[in-house]
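Asker: structure for the following, please:
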Amino acid sequence: MMLENVVFEAIEIGQNASIVRSVKTSDVIGFAALTGDCNPIHLNEEYAKNTRFHGVVAHGMWTAAHISALIGTRLPGPGSIYLSQELKFVAPVMIGDIITTKVTVIDKDFEHGVITLDCQCTNQKKQEVVFGIATILAPKEKQYVDVNTPVIEAFDKIS
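Answerer: All right, here's what the predicted structure looks like:
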């Protein structure tokens, strides 16, 4: 896949990018394996059904990671440097949910080359599940980068 960035000068207030992902069991298992977060609310159906969510929920940071994915691959894309992120987790993300992640430019600091992004993740019911603000040092030079998307295989079954 070819990635193309958006340089600071070309970024406009109101500009946005989004991605849509369906939450699979294998995503949750893979995220637990990568991070070491093996909280049973994410991995054990019997345990999870006795919680306030009545089932397995995806890690909040799995959802938030899609904000990082948008920033690193689309807006501004390669060459971006994440400076800060504030997040609020307001609703659970369940297996099978379809999550739309959107970032929108809300400010540009011309002196420092920094942009501020409004970040929002919503489910298929248009319910907000995560939101926040990110500050990003935007790239100054145009880049085109060819990348191979890694694939991790995991079973779509939770114990």
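Asker: any idea how many residues pack against Ala48?
Answerer: Neighbourhood size, Ala48 [other Cβ atoms under 10 Å]: 20. Every C-beta, even on glycine, is put in place using the N, C-alpha and C of the backbone.
Asker: I figured it was touching Gly55, is that so?
Answerer: Yes: assessed by Cβ atoms under 8 Å, Ala48 is found in contact with Gly55 at 5.4 Å.
Asker: partner strands of the longest strand anywhere in the chain, with direction?
Answerer: In the chain, with assignment by DSSP state E, the single longest strand is strand 98-109. Counting by DSSP bridges, the strands paired with strand 98-109 are strand 16-22 (antiparallel), strand 114-122 (antiparallel).
Asker: highest average neighbour count across those?
Answerer: For the strands paired with strand 98-109, average neighbour numbers computed from mean count of other Cβ atoms under 10 Å are highest in strand 114-122, which has a mean of 21.
Asker: output the contacting helices and strands for the helix or strand following that one.
Answerer: The helix or strand immediately downstream of strand 114-122 is strand 128-137, counting by DSSP states H and E. For strand 128-137, the packing partners by 3 or more Cβ pairs under 8 Å, 6 or more residues apart in numbering; DSSP states H and E come out as helix 60-73, strand 81-89, strand 98-109, strand 114-122.
Asker: contact partners for the spatially closest residue to Lys49 that is not a sequence neighbour?
Answerer: The shortest distance from Lys49 to any non-neighbouring residue, by Cβ to Cβ, 6 or more residues apart in numbering, is to Gly55 (5.7 Å). Counting by Cβ atoms under 8 Å, 6 or more residues apart in numbering, Gly55 makes contact with 45, 48-49, 94-95.
Asker: among those, which ones are buried?
Answerer: For the contacts of Gly55, a burial check counting by 16 or more other Cβ atoms under 10 Å picks out 48, 94-95.
Asker: and which of those residues is nearest Val130?
Answerer: Distance to Val130 across the buried ones among the contacts of Gly55 (Cβ to Cβ) is lowest for Met94, with 13.7 Å.
Asker: residue contacts, the closest one?
Answerer: 23, 53, 55-58.
Asker: okay, Ala134 and Asn50: tell me how far apart.
Answerer: To Asn50, Ala134 is 35 Å away according to Cβ to Cβ, to the nearest Å.
Asker: more neighbours: which of the two?
Answerer: Ala134 (21 against 11).
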